[in-house]
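Student: Following is a predicted model, sequence given first.
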Amino acid sequence: MTSEDREYIPSPAQWVRDQVELYERTNGAEGNTLRDSGLPVVIVTNVGNKTGAIRKTPLMRVRVGDTYVAVGSKGGAPQHPVWVHNLRANPDVTVRDRDQVMEMRAREVSDPEERARLWAAAAEAYPPYNDYQSKTDRTIPVFALEPR
């Protein structure tokens, strides 16, 4: 089944639905920061691990070379965000960075040195990540989204 054949299920969170719609409708000219914080985001499109449907999530724009870094922080909550489970089950994703749309593959980073390097880049782009890790007992997952 191709992604064109899959149903799109918008996020249950209204602000996420609104941001994704605005971002896509304007080709990233609007809705490109996290809740108007001035901090840039990308839209990651993936396949739901339970539904098999298309899901779309605004994530912090963290780029290291050709790799985008996705951090499963969920604000330091005790559980992972749903998209983490989706990427583990279905690693092929699309990243929309404003008007650029790229086919990528998600790889959960387990090498400690690589994870530390990518975490540092993510925390530079969004400093609250360090606070989020201190708020939870789980290790916050880090994914490298790389060109397919």
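Tutor: Looks like it came in fine.

Student: Tell me the pLDDT of the nearest residue to V41 once chain neighbours are set aside.
Tutor: With sequence-adjacent residues excluded and distances taken as Cβ to Cβ, 6 or more residues apart in numbering, V41 is closest to P58, at 4.3 Å. Where you see a C-beta, it was placed from the backbone N, CA and C, and this is true even at glycine. At P58, the model reports a pLDDT of 96.

Student: what does whatever helix or strand P58 lives in contact?
Tutor: Assigned by DSSP states H and E, P58 falls within strand 54-60. Strand 54-60 is contacted by residues 3, 6-11, 16, 19-20, 23, 31, 34, 39-48, 70-71, 81-83, 86, 122, 125-126 when judged by Cβ atoms under 8 Å, 6 or more residues apart in numbering.

Student: Check stretch 81-101 too.
Tutor: Taking Cβ under 8 Å, 6+ apart as the rule, stretch 81-101 contacts 3, 23-24, 27-29, 32, 42-49, 55, 57, 59, 61, 63, 68, 70, 72-74, 102-108, 141, 143, 145, 148.

Student: So for it, what gets flagged as buried?
Tutor: Going by neighbour count (16 or more other Cβ atoms under 10 Å), the buried part of stretch 81-101 is 81-87, 91, 93-98.

Student: and stretch 91-110, how far apart are its ends?
Tutor: End-to-end span of stretch 91-110 (Cα to Cα, to the nearest Å): 15 Å.

Student: And for the residue lying closest to Y8 once chain neighbours are set aside, the neighbour number?
Tutor: The shortest distance from Y8 to any non-neighbouring residue, by Cβ to Cβ, 6+ apart, is to I54 (4.3 Å). I54 has 18 neighbours, counted by other Cβ atoms under 10 Å.

Student: I'd like to know how far I54 sits from G48.
Tutor: Using Cβ to Cβ, to the nearest Å, I54 is found at 8 Å from G48.
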